[in-house]
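Enquirer: Generate a structure from the sequence data that follows.
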Amino acid sequence: MTTPTLRWTSRAALRAAPLLLTAVAAATLAACGGGGGGGLFGGDDEVYADMYNGIGSTDTIPLRGRLVYEDESPPTDNLDTNAFAQISQDELKNTSADVVLIDAAGTQYDLGASQTDDEGYFDLALDASSLGLTPGSYTLEVYHEMQKVGSSTVRLLDDTYDDVIVRSDVDQTYLNTDFMSSTGKLDLMRAPATERDELPGMDEAYKALRAGDDGQRQRPISFLSGSPRFFKRVLEGKMAIDGVPQDGLILKPFKDIVASDLADLNLDAIFEDLEEQIGYKITALLGLRLQVPPTTRELLMGDDTEADVVIYVLYHRFTSGELDVDGLMAELDALSVAPFWKDQIATLAPQVATHMEGHPGPVQAIYINRTGRSGEEAFPVEDWIIDGLVVYHTGAWPFILDQLEEDRVSLDGVDAVRARLEELGATSDDLDALAAEAVAAGWLDQTTVDAAAP
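Expert: Numbers count the residues shown, from 1 in each chain. Just a heads-up that it's a prediction; the model follows:
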């Protein structure tokens, strides 16, 4: 495949300027405040480890989160808070914390001390190869000065795990999000979890994917979003409201980018690096790939509003062996990917190539949701279609039908999506039309539609 020519413009940055300038100012203020109680916050506030769930292996444990000052620990306002409230919090930078892993039987494994980075975050893969762990769900507990300050859940996979992990975008894939205007973006910054809306039926679609074809599979699901980290509690809160299972949420390291560009006295690069999606998501996918067994397969979900199809296709071409490291870097050059991200990809890509040796082609399918809201910088999905791999669908109904066809979900899961869509006002004619469109496009069989009929 030849990469379509792209002329990168700054329209997206200009459109986002009010939001980004506000956020950059808040992030800079927080960064200048320092950490460890010496900044604008701290004082009598309590330390809280705001941790993410994760997916790893019996040899590798992901540790992702931050140490932050809170009025109370743990905070009780996750459904009321918004992104603005989170961006100016004071993290504890370059601070050590002890980490303990606990299995379902209560057995504890001391993972030693880990240190937050210059922005107060953990983003580490801990070596657990000597612990003799078995696959399953574990609790990670974080201790600061001998006090438990937070916890998260990690799914550890067997080193020969060969089922599918779901990697999904958030905005316009799961949530109905207006980020095409400055007003819409500012509204997102103010909105708590209770004011975010899911795309019709997608909450039930994720539950069906989790349950699998037998209802018992407990398939791992993680979300990879271009939203900054200060959306974490809002997004996790919304998933909790919807009952959407998640084993990890990856968000853009906003403060890291701002701090790096400010340190280099490169103010112009801030907008470029923050708006960049291709480099950011490929970096994240490569990092996540290193944390799971090489036999693990992936199902990738995104939408057509920006560049998800480009990201996923390039990731597939690299992990399948079609592109080597030099070939991947050449594609990124052709797409004018920002140096901030290219440097990280240049480090990660050779590691992934070694990790995946003998196990090419982990991407089983790429699903791109047709939104009708593509921005000016969106890539035409049709230019990136790979037959048998990339599916361009319209909403939850044809998506879940194809999962049934591929034996990834049960009829009960399909029925739950149908019931949810009908509850929201969809008619049988509406659903039949969506299914007929997919059959006409050639990626869904009529026999599957018939099998799912009520």
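Enquirer: what does the model give the nearest residue to Lys252 once chain neighbours are set aside for pLDDT?
Expert: Leaving aside its sequence neighbours, Lys252 sits nearest to Pro228 (CB to CB, 6 or more residues apart in numbering; 5.0 Å). From N, CA and C alone the C-beta is placed, and that goes for glycine too. pLDDT recorded at Pro228 is 89.
Enquirer: Counting neighbours, what do you get for Pro228?
Expert: Neighbour count for Pro228, taken as other CB atoms under 10 Å: 22.
Enquirer: Check the gap between it and Gly395 for me.
Expert: Counting by CB to CB, to the nearest Å, the gap from Pro228 to Gly395 is 27 Å.
Enquirer: cool, and Leu286?
Expert: For Leu286 relative to Gly395 (CB to CB), the value is 30 Å.
Enquirer: What does the pLDDT read for Ala259?
Expert: Looking at Ala259, its pLDDT reads 58.
Enquirer: make that Pro62, sorry
Expert: Taking Pro62 on its own, its pLDDT is 98.
Enquirer: tally of neighbours for it?
Expert: Residues within reach of Pro62, counting by other CB under 10 Å, total 28.
Enquirer: Pretty sure Ala128 sits against Val99.
Expert: No: between Ala128 and Val99 there is no contact under CB atoms under 8 Å: 10.9 Å.
Enquirer: Next, show the common contact partners of these two.
Expert: Common contact partners of Ala128 and Val99 (CB atoms under 8 Å, 6 or more residues apart in numbering): Leu111.
Enquirer: Which parts of the stretch 151-300 of the chain are helices?
Expert: Here the stretch 151-300 of the chain has its helices, by DSSP state H, counting those that start in this stretch, at 182-190, 202-211, 232-242, 254-263, 267-275, 278-290.
Enquirer: between these, which gets nearest to Asp163?
Expert: Ranking these by proximity to Asp163 (CB to CB) places helix 202-211 first, at 11.5 Å.
Enquirer: what's in contact with the closest one?
Expert: 166, 168, 173-174, 217-219, 221, 242-245, 299, 396, 399-400, 403, 408-410, 412-414, 416-417, 419-420.
Enquirer: tell me the angle it makes with helix 232-242.
Expert: Relative orientation of helix 202-211 versus helix 232-242 (axes from the mean of the first three to the mean of the last three CA atoms, to 10 degrees): 80 degrees.
Enquirer: mean confidence score for helix 202-211?
Expert: Mean predicted confidence for helix 202-211 is 99.
Enquirer: same deal with stretch 232-244?
Expert: Here the average pLDDT along stretch 232-244 is 97.
Enquirer: and Ala416, helix, strand or coil?
Expert: helix (DSSP: H, G, I helix; E, B strand; the rest coil).
Enquirer: Which pLDDT value does the model give it?
Expert: Ala416 is given a pLDDT of 99.
Enquirer: between the helices of the stretch 151-300 of the chain, which one is nearest to Ala104?
Expert: Closest among those, using CB to CB: helix 202-211, at 18.4 Å.
Enquirer: and the closest one, which residues are buried?
Expert: 202-211 (16 or more other CB atoms under 10 Å).
Enquirer: Same question for stretch 383-397.
Expert: The neighbour-count check on stretch 383-397 (16+ other CB under 10 Å) flags 384-385, 389-397 as buried.
Enquirer: After the element among helices and strands of the chain having the smallest mean pLDDT, heading C-terminal, what element do we hit next?
Expert: Here the helix or strand of the chain ranked lowest by mean pLDDT, DSSP states H and E is helix 11-33, holding a mean of 47. Downstream of helix 11-33, the next assigned helix or strand under DSSP states H and E is strand 46-51.
Enquirer: Give the rounded mean pLDDT of the helix or strand following that following strand.
Expert: Using DSSP H and E, the helix or strand that follows strand 46-51 in sequence is strand 54-57. Averaged across strand 54-57, pLDDT comes to 98.
Enquirer: Can you tell me what sits against strand 54-57?
Expert: If you take CB under 8 Å, 6+ apart as the criterion, strand 54-57 is touched by 61-64, 125, 128, 140, 152-159, 161, 165, 220, 222, 247-248, 288, 291-293.
Enquirer: Buried among those residues? Make that a PyMOL selection.
Expert: PyMOL command restricting the contacts of strand 54-57 to the buried ones, with burial defined by 16+ other CB under 10 Å:
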select buried, resi 61+62+63+64+125+128+140+152+153+154+155+156+157+158+159+161+165+220+222+247+248+288+291+292+293
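Enquirer: Give me the mean pLDDT for stretch 97-111.
Expert: The model assigns stretch 97-111 a mean pLDDT of 98.
Enquirer: is it possible to export the buried residues of stretch 383-397 to JSON lines including secondary structure and pLDDT?
Expert: As requested, the buried residues of stretch 383-397 are exported to JSON lines (DSSP: H, G, I helix; E, B strand; the rest coil; pLDDT from 0 to 100):
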{"residue": "Trp384", "secondary structure": "helix", "pLDDT": "96"}
{"residue": "Ile385", "secondary structure": "coil", "pLDDT": "96"}
{"residue": "Leu389", "secondary structure": "coil", "pLDDT": "98"}
{"residue": "Val390", "secondary structure": "strand", "pLDDT": "98"}
{"residue": "Val391", "secondary structure": "strand", "pLDDT": "98"}
{"residue": "Tyr392", "secondary structure": "strand", "pLDDT": "97"}
{"residue": "His393", "secondary structure": "strand", "pLDDT": "98"}
{"residue": "Thr394", "secondary structure": "coil", "pLDDT": "98"}
{"residue": "Gly395", "secondary structure": "coil", "pLDDT": "98"}
{"residue": "Ala396", "secondary structure": "helix", "pLDDT": "99"}
{"residue": "Trp397", "secondary structure": "helix", "pLDDT": "99"}
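Enquirer: ok, these vs Lys148, which is closest?
Expert: Ala396 (39.4 Å).
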